[in-house]
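In: Give me a model of this one.
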Amino acid sequence: MGLFSRKTDDVETATTALGAPGTSAAPDLAHLTGDYTIDTTHSRVGFSVRHAMVTNVRGEFADYHGKLHLDGSDPAASTAELVIQVGSIDTGNEQRDGHLRTGDFFAVETHPEITFRSTSADRVDADNYRLTGDLTIKGATRPVVLDLEFTGSATDPYGIQRLGFEGSTTVDRTDFGLSYNAALETGGVLIGEKVKLSFDISAVRA
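Out: Down below sits the predicted model:
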């Protein structure tokens with residue numbers, strides 16, 4: 001999923017239409033146009049959230065699949081889709097993972113999947129893209145913007161064409177009904193509301 005982009009401090013670049021004068025020189029990706037699937041053995045879908053107001057808990061999902069269509073000539077025509085099996089959540093603590101699967105959080109029995117489907121794609125500069133889409137968690141769908149960097153392409157020793165993308169977005173978990181929390185004696189709450197989602201994707205030509 002890397003048809004997305006990082007935000008830039010260069011306002012002119014960030015707001016210039018794709019292909020208009022003033023954009024950074026972009027590599028010719030026309031030869032990469034096609035359909036790709038995510039190679040989950042060489043990818044990672046992770047997250048982090050503030051814990052006890054002082055540190056971050058990090059985790060990832062082990063079971064997911066996704067696909068993308070890359071249009072190297074017209075990045076705006078690119079699309080991406082990701083489906084995550086929520087029960088595969090892993091934060092390195094079995095008790096915590098079990099709690100996350102309950103109705104206090106993801107309610108895995110009734111909402112076993114998290115999905116993302118893109119609705120638009122934009123090139124920000126030579127290597128950075130912005131992908132807007134619908135994220136569905138626990139039955140609630142909200143628009144999100146994913147900022148990703150195109151990290152390159154290569155043909156591996158087995159003759160398979162690969163693309164690489166990495167990036168992130170931040171969401172408010174309470175927007176998706178994940179509102180469980182506990183107050184701390186010293187003030188504040190146990191779990192932060194903002195969750196950073198991170199992606200490190202290797203995609204192979206379908």
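In: Kindly state the pLDDT recorded for the closest residue to residue 171 other than its chain neighbours?
Out: Nearest non-adjacent residue to residue 171, counting by C-beta to C-beta, 6 or more residues apart in numbering: residue 195, 5.6 Å away. For the C-beta atoms, the positions are set from N, CA and C on the backbone; glycine is no exception. According to the prediction, residue 195 has pLDDT 97.
In: who are the neighbours in contact with residue 195?
Out: The neighbours of residue 195, taking C-beta atoms under 8 Å, 6 or more residues apart in numbering as the test, are 47-49, 170-173.
In: Could you single out the nearest of those residues to residue 157?
Out: Proximity of the contacts of residue 195 to residue 157, judged by C-beta to C-beta, is greatest for residue 47, which lies at 32.2 Å.
In: give me the low-pLDDT residue ranges for the protein?
Out: For the chain, the stretches with pLDDT under 70 are 1-26.
In: those helices in the protein, which residues are they?
Out: Secondary structure of the chain by DSSP state H: the helices cover 11-15, 94-100.
In: Need the residues that contact the longest one.
Out: Right, the one you point to is helix 94-100. With C-beta under 8 Å, 6+ apart, helix 94-100 has contacts from 57, 59, 89-91, 105-106.
In: need the residues you listed in JSON lines with neighbour count, can you?
Out: Shown next, in JSON lines, are these (neighbours: other C-beta atoms under 10 Å):
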{"residue": "57", "neighbour count": "16"}
{"residue": "59", "neighbour count": "17"}
{"residue": "89", "neighbour count": "22"}
{"residue": "90", "neighbour count": "15"}
{"residue": "91", "neighbour count": "19"}
{"residue": "105", "neighbour count": "20"}
{"residue": "106", "neighbour count": "24"}
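In: between the residues you listed, which is nearest residue 65?
Out: Closest approach between the contacts of helix 94-100 and residue 65, by C-beta to C-beta: residue 89, at 15.8 Å.
In: from memory the closest one sits against residue 61, does it?
Out: Yes: between residue 89 and residue 61 there is a contact under C-beta atoms under 8 Å: 5.8 Å.
In: what number of residues lie near the nearest residue to residue 46 once chain neighbours are set aside?
Out: Spatially, and ignoring its direct neighbours in sequence, residue 46 is nearest to residue 60 (4.0 Å; C-beta to C-beta, 6+ apart). Neighbour count of residue 60, defined by other C-beta atoms under 10 Å: 17.
In: Residue 40 too?
Out: Residue 40: 16 neighbours (other C-beta under 10 Å).
In: Would you agree it is in contact with residue 61?
Out: No: counting by C-beta under 8 Å, residue 40 does not reach residue 61; the two are 9.7 Å apart.
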